[in-house]
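S.K.: Generate coordinates for the sequence data below:
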Amino acid sequence: GVHMGFSRETATTLVHHTLLGSTLYAMQSGQHPAILRNSVTSPAGTTASAIYELENGKFRTVVKDAIWACYRRSLEMGGSDSNVGPGRVAFPQPREV
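M.R.: Below you'll find the predicted structure:
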């Protein structure tokens, strides 16, 4: 929001309240996020424009990859095999006899 003319304080407050409101709405509704997204997205509206930019920038892929990276690192830190997830094949470790 700063690049749009808001003060840093106002921009930060807007971000916090947007995330808080969206999260509370999703938690209280009990509905799948895709259903909620569709219910607030008007054709050619502001939400549709924002979603288009997020999808165009591969936002979903970046978030998914970040989550997998976090999970793999947590496995490594716990001493487990981290060769899991999309594009990875975990091979069973040979057992000693």
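
S.K.: quick one: which helix or strand includes the nearest residue to residue 1 once chain neighbours are set aside?
M.R.: Using C-beta to C-beta, 6 or more residues apart in numbering and skipping residues adjacent in sequence, the residue nearest residue 1 is residue 11, 3.1 Å away. C-betas here are computed from N, CA, C, even on glycine. Residue 11 belongs to helix 8-29 when assigned by DSSP states H and E.

S.K.: Downstream of that helix, the next helix or strand is which one?
M.R.: helix 33-40.

S.K.: Next, the angle from the next helix or strand after that following helix to helix 33-40.
M.R.: Going down the chain from helix 33-40, the next helix or strand is helix 46-56, by DSSP H and E. Here the directions of helix 46-56 and helix 33-40 differ by 140 degrees (axes from the mean of the first three to the mean of the last three C-alpha atoms, to 10 degrees).

S.K.: by contact count, what packs against helix 46-56?
M.R.: For helix 46-56, the packing partners by 3 or more C-beta pairs under 8 Å, 6 or more residues apart in numbering; DSSP states H and E come out as helix 33-40.

S.K.: Could you pull out the buried residues of the helix it packs on?
M.R.: Neighbour counts over helix 33-40 (16 or more other C-beta atoms under 10 Å) mark no residue as buried.

S.K.: contacting residues around that helix?
M.R.: 25, 26, 29, 47, 51 (C-beta atoms under 8 Å, 6 or more residues apart in numbering).

S.K.: 10 Å - rerun?
M.R.: With contact meaning C-beta atoms under 10 Å, 6 or more residues apart in numbering, helix 33-40 is reached by 22, 25, 26, 29, 31, 32, 46, 47, 48, 51.

S.K.: tell me how far that helix is from the chain's mean position?
M.R.: Distance of helix 33-40 from the chain centroid (C-alpha atoms, centre = their mean, to the nearest Å) equals 15 Å.
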